[in-house]
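Peer 1: This is a predicted model, with the sequence first.
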Amino acid sequence: MINQDRLVETFLELVQIDSETGHEEMIQPILKQKFESLGLIVKEDDAKAKTGFGANNLICTLPATDDSKEKIYFTSHMDTVVPGKSVKPVIEDGIIKSDGTTILGADDKAGLATILEVIRIIQDNQLPHGQIQFVITVGEESGLVGAKALNPDDLDAAYGYSIDSAVPVGNFTIGAPYQMQIKATTHGKTAHASTPDKGVSAINIAAKAISKMKLGKIDHETTANIGKFEGGGPTNIVTDLVHIWAEARSHSELKIEAQTKHMAQTFKETAEAFGCHADVDTELAYPGFLVTEDEVVYQKAQAAAKAVDLIGEPTIGGGGSDGNIISQFGIPTVILGIGYEAIHTTNESIAIQSLVDLVKYVLKLIEIA
């Protein structure tokens with residue numbers, strides 16, 4: 001039933017369309033045309049105006065042929081990380097990879113190719129199904145920007161699946177952490193380097209604050225990291241301004257709040273000890289979620305995997321996906337494994353068999369909905 005040649009051809013076509021995050025203007029019209037040509041009702045939202053990114057999200061609805069089946073949804077994102085321009089895919093021994101100068105873009109064009117093949121199979125074989133929505137987002141790789149711009153009223157599903165996890169096909173992610181973004185600015189006092197006692201180095205304030213922080217792996221649920229440190233100028237000037245970007249993640253809402261407070265207070269208190277001050281801004285990048293084994297979306301993910309001879313093992317994720325956001329709309333979501341390797345690197349690859357297995361898995365999920 002699966003047309004492997006067509007599936008691979010679609011995937012190869014998609015990865016060769018430039019769509020680095022924030023610049024989805026080339027791929028979105030092509031995807032829109034593909035979904036419309038397959039007879040889906042396609043709605044563009046106003047994500048471009050809200051975010052400044054290259055295109056709008058697409059909400060593509062396949063009307064039900066069997067109203068007794070549950071309404072479900074699937075989501076994949078159209079953007080990639082960089083370097084993602086002029087991708088040249090190579091197939092060797094059943095593995096698709098790039099030529100090594102760019103990423104491949106299997107994250108998440110494997111999800112897109114799977115969705116398109118599934119729709120074609122449903123229509124070619126007149127398979128019965130309930131209403132299915134396919135939510136195709138922009139800006140996922142920039143902090144779930146597109147998903148955050150979605151209007152919950154555009155989504156109509158009992159539960160659903162984000163096709164966007166690095167675990168093997170058939171396994172699925174049932175939980176992901178909260179992520180908090182932290183930006184701190186330490187203010188010192190400028191002076192000539194020959195009279196350092198007349199100044200206070202903002203670099204020194206920031207360095208001492210960071211040295212006091214709990215960073216790295218805090219516990220089994222929580223991590224924190226300093227990502228970027230920027231400031232300074234000529235060596236003959238005591239620097240009076242430094243910017244620091246950091247993050248904290250936790251599967252516990254209480255712990256993410258405590259870790260964020262600890263980091264912010266450490267910056268402020270250290271600066272005050274030098275007679276200076278620090279400004280700290282914090283923002284929830286995305287909320288965490290956890291699906292339990294008594295929920296339908298979990299049970300059907302596991303049942304469908306086993307029905308097509310896949311493992312069906314639940315996992316806990318360490319990063320975010322659009323599922324984090326859509327879960328907050330009251331639509332329970334788990335994240336399906338795609339089986340790609342070395343994502344976000346120029347060594348990224350995916351096996352053709354993983355694409356085939358993923359199509360089988362999604363078809364089974366639709367069948368048992």
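Peer 2: Ah, there it is.
Peer 1: And the helices in the protein?
Peer 2: In the chain, the helices defined using DSSP state H lie at 4-15, 27-37, 47-51, 106-124, 145-148, 202-212, 253-273, 296-307, 322-327, 352-368.
Peer 1: between the ones you listed, which gets nearest to Glu230?
Peer 2: Among those, helix 202-212 comes nearest to Glu230, with 10.1 Å by CB to CB. Placement of C-beta: from N, CA and C, glycine included.
Peer 1: Could you say which one of the helices of the chain comes nearest to Pro234?
Peer 2: Among the helices of the chain, the nearest to Pro234 by CB to CB is helix 202-212 (13.0 Å).
Peer 1: Could you list the low-pLDDT ranges of the stretch 51-200 of the chain?
Peer 2: Counting by pLDDT under 70, the stretch 51-200 of the chain shows no low-confidence range.
Peer 1: Mind listing what's buried along stretch 330-340?
Peer 2: Neighbour counts using 16 or more other CB atoms under 10 Å place 331-340 of stretch 330-340 among the buried residues.
Peer 1: Straight-line length of that stretch, end to end?
Peer 2: Stretch 330-340 has an end-to-end distance of 29 Å (criterion: CA to CA, to the nearest Å).
Peer 1: Repeat that for stretch 40-60.
Peer 2: End-to-end distance of stretch 40-60 (CA to CA): 6 Å.
Peer 1: can you check stretch 18-37 too?
Peer 2: End-to-end distance of stretch 18-37 (CA to CA): 22 Å.
Peer 1: as a whole number, average confidence for that stretch?
Peer 2: Average pLDDT, stretch 18-37: 98.
Peer 1: ok now that stretch, how far from the chain's centre?
Peer 2: 18 Å (CA atoms, centre = their mean, to the nearest Å).
Peer 1: on that earlier part again, include distance to Thr346 and mean neighbour count when you put the helices of the chain into CSV, please.
Peer 2: Listed next are these as CSV, based on distance: least, CB to CB, whole Å; neighbours: other CB atoms under 10 Å:
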stretch, distance to Thr346, mean neighbour count
helix 4-15, 13, 18
helix 27-37, 20, 17
helix 47-51, 27, 18
helix 106-124, 13, 24
helix 145-148, 24, 25
helix 202-212, 31, 19
helix 253-273, 32, 18
helix 296-307, 31, 19
helix 322-327, 24, 27
helix 352-368, 19, 21
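Peer 1: avg pLDDT for stretch 207-227?
Peer 2: Stretch 207-227 shows a mean pLDDT of 98.
Peer 1: Name the residues of that stretch that are buried.
Peer 2: For stretch 207-227, a neighbour-count test (16+ other CB under 10 Å) marks 207-210, 213, 215, 218, 221-224, 226 as buried.
Peer 1: doesn't Ile103 make contact with Gly84?
Peer 2: Yes - contact criterion CB atoms under 8 Å: Gly84 and Ile103 qualify, at 5.3 Å.
Peer 1: Sort out for me which of the buried residues of stretch 330-340 are in strands.
Peer 2: 333-337 (DSSP state E).
Peer 1: Quick check: the farthest pair among those residues?
Peer 2: Using CB to CB, these span at most 14.1 Å, a distance reached by Thr333 and Gly337.
Peer 1: circling back: dump the buried residues of stretch 330-340 to JSON lines, plus distance to Asp156 and pLDDT.
Peer 2: Output for those, formatted as JSON lines (distance: CB to CB, whole Å; pLDDT from 0 to 100):
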{"residue": "Ile331", "distance to Asp156": "9", "pLDDT": "98"}
{"residue": "Pro332", "distance to Asp156": "14", "pLDDT": "98"}
{"residue": "Thr333", "distance to Asp156": "14", "pLDDT": "98"}
{"residue": "Val334", "distance to Asp156": "19", "pLDDT": "97"}
{"residue": "Ile335", "distance to Asp156": "20", "pLDDT": "98"}
{"residue": "Leu336", "distance to Asp156": "20", "pLDDT": "98"}
{"residue": "Gly337", "distance to Asp156": "26", "pLDDT": "98"}
{"residue": "Ile338", "distance to Asp156": "25", "pLDDT": "97"}
{"residue": "Gly339", "distance to Asp156": "29", "pLDDT": "97"}
{"residue": "Tyr340", "distance to Asp156": "30", "pLDDT": "96"}
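Peer 1: which residue is nearest the centroid of this structure?
Peer 2: Closest residue to the average C-alpha location of the chain: Ser321 at 3.4 Å, with CA atoms, centre = their mean.
Peer 1: Contact partners for that one?
Peer 2: By CB atoms under 8 Å, 6 or more residues apart in numbering, Ser321 lies in contact with 140, 144, 162, 164-165, 173, 176, 335.
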